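> any chance you can model this:
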Amino acid sequence: MRSEELEPTRASAASVGAVEPRPGPLGRLGVWVSAHGRLVAAAWILIVIGLGVFAPSVEKSLSGAGWQAQGSDSVAARDLAVAHFGGNASSAIQVVVTGQRSLTEGDGPEVIAAVGDILRADGRISQVIEPTPGPTLSADGRTAIVIGGAGADTNEMVRAATDLSPPLEALSRDGVQVAPTGASVMWSDFNKANLEAMLTSEMISFPVTLFILVVAFGALVAAGLPLLLTIAGLVASAGILVLVNAVVPVSIWAMNFAMMFSLALGIDYALFLVVRFRAARMGQRLPMRAAIAQTMDTAGKAVLLSGATVLVSLSAVMLVPSPSFRSMAGGIMISVVFILAATLTLLPLVLSKLDHRIDKLPLPWVKAGEHRSPRFEAWAQRLWRHPLRWGAAALAILVVLAIPLVGLTTAMPSIKVLPEDASARVGYHRVQEAFGPGAPGMLTVIAPAAVADEARTVLADDPGIAAATPPAAPSDGVDYRMIQAVPTVDPSDPELAQTVDRLRAGLPAGVLVGGAAVENLDLKAQLDRSTPVVIAVVLTLGFLLLLFALAAPLISFLGTLVSLLSTAAAFGVARLVFQDGLGAGLFGFESQGFLDAWAPVFFFAMIFAIAMDYTVFLLASAKEHWERDGDARSAMVGAVAHSGRVIFAAGGVMVAVFFTFALSGPLPPKEMGVILGVAVLLDAFLIRLVLLPVLLRLTGRAAWWTPAWLRKVLPTVSFAHD
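Below you'll find the predicted structure:
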């Protein structure tokens, strides 16, 4: 017998004879989806299989480069070097050959010749530049650098490094060691280490996540739904990223971040809908159609608004003129769209088909229809009675944690982000030992032929330059010359930035200063300029979206403002951990003495998106109660009672996911794991469950006041189904 045929015996006395409210747009979507199950299921099967075919190749297809400031002098210098100087640019592959004795003896000549043969056999290498005394052959003859000129774009050169490194390293033998290095090899090694870390973290995070979900849902079947739906969304996302990459290069980081971010976000969304459905179906004992409609008109609407806020926050990162940043933000946005689509279409269908079977294999103490948590209601009543006490305590913790933010310094990642045994790092240090600390950061200076000698004189006279080569003529006769200069300091030393600024001010007009280290400096400068703009845009758009949904200027403003507190506190903790090295042994990394420069702008957008996720859940529930009762206490207590358990469980899932990524792999994922994990911990438990409810208590009815003129401008968005 179908579940719908049992409705009259299950319906409560209160629901008998009641008039079913007309569903809103999302409620009608949910009803339509559940009524057209075969069509919707077939569409999702086609999407997942059709795009999933491409998903396994995502790691090989996506690029590892793009970390550059578009339009900068350093990028222009690299392009000229690739086009006219045999690819002797920052993206070239440098193969470091070291021997226990001079490489002119024993196996040295044979190994160097074999290196050249392997490089020449690859069509992405434009030419092989043999070692020359001074710049690429050490004075003692025991270290030589064979350069494989870049004959393709930076993304393809990273792939070339991945393909060429194993056969090149295999040339090592007793007395002669081979270690490919350079920017392309560095990104290749990083991608490899990052992939291994991601796989390890996923193996750890999935059982932890499932455990938290079982505790939160109280049943194994219900707990498995968010993971299954999230996996479907991520498989589709991975496939479409491969297709997009065929048109526009997409950074491999787009997939890595999308996996972490969307896993946490998808679980949040599914958790919110499943809890609401169980309350409507098993608690209120509504008919299936009414339960789906109510779930979608309340929780579904909050999820849609949350997703829109996430997309808006991440879209602001597109303002940074760097391919890697834009593709990372775009990749995460694509995955969020798929997660949203799965949550709003596939999940209602699955809920309608499972019905009461969603509570199979339950935990003994769980009540499936319980939506209003007595524990969180008691907590909300306590906050209502003592708002200043609890609010001040939460604020004090956040402020104390945010204080170290004052001393935060940033720089582009150094070679320390790689494992010590990575080829790029081994070769890097061998180059430093043979040619000096600044040799891995060789400057590429491209000058018009008429001023090339003058440019070389400026370079030779600068105290930050250890040596400069004579101007080299191009291979095709263009009116440019290349000068290579070795700085006196390590590429990650802050003094290098001062040297580059000094050179750019003193060199003749038209001279371009580039090189891998300079590209990093130019990108950092671009990030420093873009970060305030991105933050301002994110805050403004976040406030406008809340205002659009809540039509309440004061609480929309306060909800946006308090999101800055968790962000500031998270970066304060990041300064202590990654800049000062506090807990470096626990997390297993070597401190660089700074935070990676891309972290503030990118992680701010991600943290704000997550923070607004919880803000929407809480305030949407508060507005639902306000619309029904018009009572400030009912709005605040009801919001915490109804959404507190979801926020608590979702926050626990996110913290678990992010911190598992913080425990493995290279440094950047650790930074993301710690910063986002701390931010979610503070935001979910101190801001959304303490500070924001306290602000609702202190502002009272004023929190929901709307000027008459604004009511005429804003649309009416209701979160109350009935």
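> show me where the stretch 601-722 of the chain has helices.
All helices of the stretch 601-722 of the chain, identified by DSSP state H, counting those that start in this stretch, fall at 632-662, 667-682, 692-699, 708-713.
> please convert those to CSV, extending it with mean pLDDT and mean neighbour count.
Any C-beta I mention is one placed from the backbone N, CA and C, and that applies to glycine too. Below are the helices of the stretch 601-722 of the chain laid out as CSV (pLDDT from 0 to 100; neighbours: other Cβ atoms under 10 Å):
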stretch, mean pLDDT, mean neighbour count
helix 632-662, 87, 24
helix 667-682, 87, 24
helix 692-699, 96, 22
helix 708-713, 89, 9
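> let me have those helices in a markdown table, adding distance to Leu503 as columns.
Below are the helices of the stretch 601-722 of the chain laid out as a markdown table (distance: least, Cβ to Cβ, whole Å):
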| stretch | distance to Leu503 |
| --- | --- |
| helix 632-662 | 39 |
| helix 667-682 | 29 |
| helix 692-699 | 51 |
| helix 708-713 | 54 |
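> out of these, nearest to Thr410?
Ranking the helices of the stretch 601-722 of the chain by proximity to Thr410 (Cβ to Cβ) places helix 667-682 first, at 10.9 Å.
> so which elements touch the closest one?
Other helices and strands packing on helix 667-682, by 3 or more Cβ pairs under 8 Å, 6 or more residues apart in numbering; DSSP states H and E, are helix 183-217, helix 252-278, helix 387-402, helix 563-574, strand 595-596, helix 599-629, helix 632-662.
> TSV for those, including distance to Ile675?
Converted to TSV, these look like this (distance: least, Cβ to Cβ, whole Å):
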stretch	distance to Ile675
helix 183-217	15
helix 252-278	12
helix 387-402	12
helix 563-574	5
strand 595-596	9
helix 599-629	5
helix 632-662	8
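> pick the most deeply packed of the ones you listed.
Highest mean neighbour count among the helices and strands packed on helix 667-682 (mean count of other Cβ atoms under 10 Å): helix 252-278, with a mean of 27.
> against Ala472, how distant is Val694?
Using Cβ to Cβ, to the nearest Å, we find Val694 at a distance of 67 Å from Ala472.
> check Leu539 too.
Leu539 is 50 Å from Ala472, by Cβ to Cβ.
> of the two, who's got more company?
Neighbour totals were compared for Leu539 and Ala472, and Leu539 leads with 18 against 15 (other Cβ atoms under 10 Å).
> quick one, what contacts that one?
Listed by Cβ atoms under 8 Å, 6 or more residues apart in numbering, the contact partners of Leu539 are 560, 564, 608.
> would you map the strands across the stretch 301-450 of the chain?
Along the stretch 301-450 of the chain, the stretches classed as strands by DSSP state E, counting those that start in this stretch are 410-411, 443-448.
> who wins for proximity to Val158 among the ones you listed?
Once those are compared by Cβ to Cβ, strand 443-448 is nearest, at 18.4 Å.
> how close does the closest residue to Leu408 other than its chain neighbours sit to Leu273?
Nearest residue to Leu408, sequence neighbours excluded (Cβ to Cβ, 6 or more residues apart in numbering): Arg575, at 4.4 Å. For Arg575, the distance to Leu273 (Cβ to Cβ) stands at 38 Å.
> that older thread, which one of the helices of the stretch 601-722 of the chain lies nearest to Ala509?
Closest approach to Ala509 among the helices of the stretch 601-722 of the chain (Cβ to Cβ): helix 667-682, 37.7 Å.
> list the contacts of the residue positioned nearest the centre of the chain.
In the chain, the residue lying closest to the centroid (Cα atoms, centre = their mean) is Phe257, at 3.9 Å. By Cβ under 8 Å, 6+ apart, the contact list for Phe257 reads 328, 331-332, 606, 672.
> then Gln70?
321-323.
> most neighbours out of these, which is it?
With neighbours taken as other Cβ under 10 Å, the top of these is Ser322, carrying 23 neighbours.
> gap between that one and Leu521?
As judged by Cβ to Cβ, Ser322 and Leu521 stand 13 Å apart.
> again, but for Asp73
Asp73 is 10 Å from Leu521, by Cβ to Cβ.
> kindly report the same for Val657.
Going from Val657 to Leu521 by Cβ to Cβ gives 34 Å.
> same question, Pro440
Going from Pro440 to Leu521 by Cβ to Cβ gives 14 Å.
> equivalent analysis for Leu564, please.
29 Å.
> rewinding a little: between Asp73 and Leu521, which is the more surrounded one?
Between Asp73 and Leu521, counted using other Cβ under 10 Å, Leu521 has the larger neighbour count: 24 against 18.
> these two touch, right, the more buried one and Leu496?
Yes. Counting by Cβ atoms under 8 Å, Leu496 is a contact partner of Leu521 at 7.1 Å.
> to Val244, which of the helices of the stretch 601-722 of the chain lies closest?
Closest of the helices of the stretch 601-722 of the chain to Val244 is helix 667-682, at 22.3 Å (criterion: Cβ to Cβ).
> could you check the angle the closest one makes with helix 252-278?
For helix 667-682 against helix 252-278, the angle by axes from the mean of the first three to the mean of the last three Cα atoms, to 10 degrees is 20 degrees.
> circling back to that earlier point, in JSON lines: the contacts of Leu539, plus distance to Phe594.
What follows is these, written out as JSON lines (distance: Cβ to Cβ, whole Å):
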{"residue": "Thr560", "distance to Phe594": "29"}
{"residue": "Leu564", "distance to Phe594": "22"}
{"residue": "Phe608", "distance to Phe594": "23"}
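> closest one of those to Leu243?
Leu243 has its nearest neighbour among these in Phe608, at 29.1 Å by Cβ to Cβ.
> pretty sure the closest one contacts Thr540?
No. Look at Phe608 against Thr540 with Cβ under 8 Å: they stay out of range, at 11.4 Å.
> does Val95 count as helix, strand or coil?
Assigned with DSSP: H, G, I helix; E, B strand; the rest coil, Val95 falls in the strand class.
> in the sheet, who's paired with it?
Beta bridges link Val95 to Val146, Pro180, judged by DSSP bridges.
> list the contacts for it?
Going by Cβ under 8 Å, 6+ apart, Val95 touches 115, 119, 145-148, 168, 178-181, 427.
> how much space separates it from Ile125?
11 Å.
> same check on Gly559?
Per Cβ to Cβ, Gly559 is found 55 Å from Ile125.
> neighbours of Asp140, just the number please.
Asp140: 11 surrounding residues under other Cβ under 10 Å.
> ok, so of the contacts of Leu539, who is nearest Gly407?
Ranked by distance to Gly407 (Cβ to Cβ), the contacts of Leu539 are led by Leu564 at 18.4 Å.
> could the contacts of Phe257 go into a markdown table alongside distance to Thr488?
As requested, these are exported to a markdown table (distance: Cβ to Cβ, whole Å):
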| residue | distance to Thr488 |
| --- | --- |
| Met328 | 34 |
| Gly331 | 39 |
| Ile332 | 40 |
| Met606 | 38 |
| Met672 | 34 |
